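*Asks:* any chance you could fold what I've pasted below:
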Amino acid sequence: MSNDQHLSRRERQIMDILHAKKNGTVAGIRAALPDAPGYSAVRALMRILEDKGHVKHREDGARYVYVPCVSGDTAGRSALKRILSTFFGGSVDHAVAALLEASDKKLSETELKKLREIVKQAEGKEGKS
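*Replies:* As a prediction, the model looks like this:
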């Protein structure tokens with residue numbers, strides 16, 4: 001599969017819809033797109049995404065049902081790495097600080113405990129390298 005950075009804005013929107021819904025038809029994807037182009041334009045975009053290796057399809061009667069080629073988790077990690085690199089110079093601590101500052105609510109004790117566990121695991125990985 002090609003790199004996610006080679007997707008146009010509209011292709012990214014389509015991939016976001018497919019990851020959220022797990023699959024979709026051209027009509028269903030078109031209905032979920034903001035300022036949706038015509039049906040044939042969405043169909044052409046799906047063919048492009050398939051040619052790029054981002055989606056595959058199965059036939060369901062006369063229509064195609066498209067599914068992403070990578071899981072939502074994998075796509076999420078890839079997107080997060082792009083954001084980390086683009087906006088935070090690869091700095092995890094700056095990204096985490098920005099997330100915490102942007103939160104409109106105070107973290108619960110359960111959330112803080114989970115974050116402490118994640119940090120401990122990261123420290124363990126660091127010691128092994």
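*Asks:* elements contacting the helix or strand where residue 78 lies?
*Replies:* Counting by DSSP states H and E, the element that carries residue 78 is helix 72-88. If you count contacts as 3 or more Cβ pairs under 8 Å, 6 or more residues apart in numbering; DSSP states H and E, helix 72-88 packs onto helix 9-21, helix 92-102. Placement of C-beta: from N, CA and C, glycine included.
*Asks:* how is this protein divided into domains?
*Replies:* For the chain, automatic domain parsing gives the domain ranges 4-68, 72-128.
*Asks:* turn those into TSV, columns for mean pLDDT and mean neighbour count.
*Replies:* Shown next, in TSV, are the domains of the chain (pLDDT from 0 to 100; neighbours: other Cβ atoms under 10 Å):
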stretch	mean pLDDT	mean neighbour count
domain 4-68	94	15
domain 72-128	87	11
